[in-house]
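[1] Here is a sequence together with a model predicted from it:
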Amino acid sequence: QVQLVESGGGLVQAGGSLRLSCAASGRSFSDYHMGWFRQRPGRERELLATVTWSGSETVYLDPVKGRFTISRDNAKNTLYLQMNSLKPEDTAVYYCAADRMVISSRGATYWGQGTQVTVSS
């Protein structure tokens, strides 16, 4: 199995940027497809972006297309989410996730503990 730890969350003004990181340990990071989810207050968890094990293919959901970028560094066992042009509605707890299968909105097998992102207006 793989253990995941997110970092990089915090408070930022609208229009600003943050980069989230997700450090993986345990089994080989490159064995897993990866994704970022978030859960906004009072809402269900939603998938934001996914990347295949090699990093060659990425998928973005509509709320973050053109603003967020998912990437991974298999040599550093780390997943990233670069978030630009942040909006107050991006305020949420952000989770990284891993799975041997392609990740979908249904979820994933392994999860981090989450990192809070708060965007002020």
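    Sure thing, it's come through. Computed from a prediction, not measured in an experiment: that's the story for all the values here.
[2] any idea how far Trp111 is from Val5?
    Trp111 sits 11 Å away from Val5, going by CB to CB, to the nearest Å. Yep, even glycine has a C-beta here, placed from its N, CA and C like the rest.
[3] And for Ala97?
    From Ala97 across to Val5, the span is 13 Å (CB to CB).
[4] repeat for Gly114
    The gap separating Gly114 from Val5 is 10 Å, by CB to CB.
[5] tell me the contacts of Trp36?
    20, 22, 47-50, 68, 70, 79, 81, 94-97 (CB atoms under 8 Å, 6 or more residues apart in numbering).
[6] Inside strands: which ones of those?
    Those of these mapping onto strands are 20, 22, 47-50, 68, 70, 79, 81, 94-97, per DSSP state E.
[7] Turn those residues into JSON lines, columns for neighbour count and distance to Lys87.
    Formatted as JSON lines, those follow (neighbours: other CB atoms under 10 Å; distance: CB to CB, whole Å):
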{"residue": "Leu20", "neighbour count": "24", "distance to Lys87": "16"}
{"residue": "Cys22", "neighbour count": "26", "distance to Lys87": "22"}
{"residue": "Leu47", "neighbour count": "21", "distance to Lys87": "18"}
{"residue": "Leu48", "neighbour count": "24", "distance to Lys87": "13"}
{"residue": "Ala49", "neighbour count": "21", "distance to Lys87": "16"}
{"residue": "Thr50", "neighbour count": "23", "distance to Lys87": "21"}
{"residue": "Phe68", "neighbour count": "22", "distance to Lys87": "11"}
{"residue": "Ile70", "neighbour count": "22", "distance to Lys87": "18"}
{"residue": "Leu79", "neighbour count": "28", "distance to Lys87": "22"}
{"residue": "Leu81", "neighbour count": "27", "distance to Lys87": "15"}
{"residue": "Tyr94", "neighbour count": "23", "distance to Lys87": "14"}
{"residue": "Tyr95", "neighbour count": "22", "distance to Lys87": "19"}
{"residue": "Cys96", "neighbour count": "28", "distance to Lys87": "21"}
{"residue": "Ala97", "neighbour count": "23", "distance to Lys87": "23"}
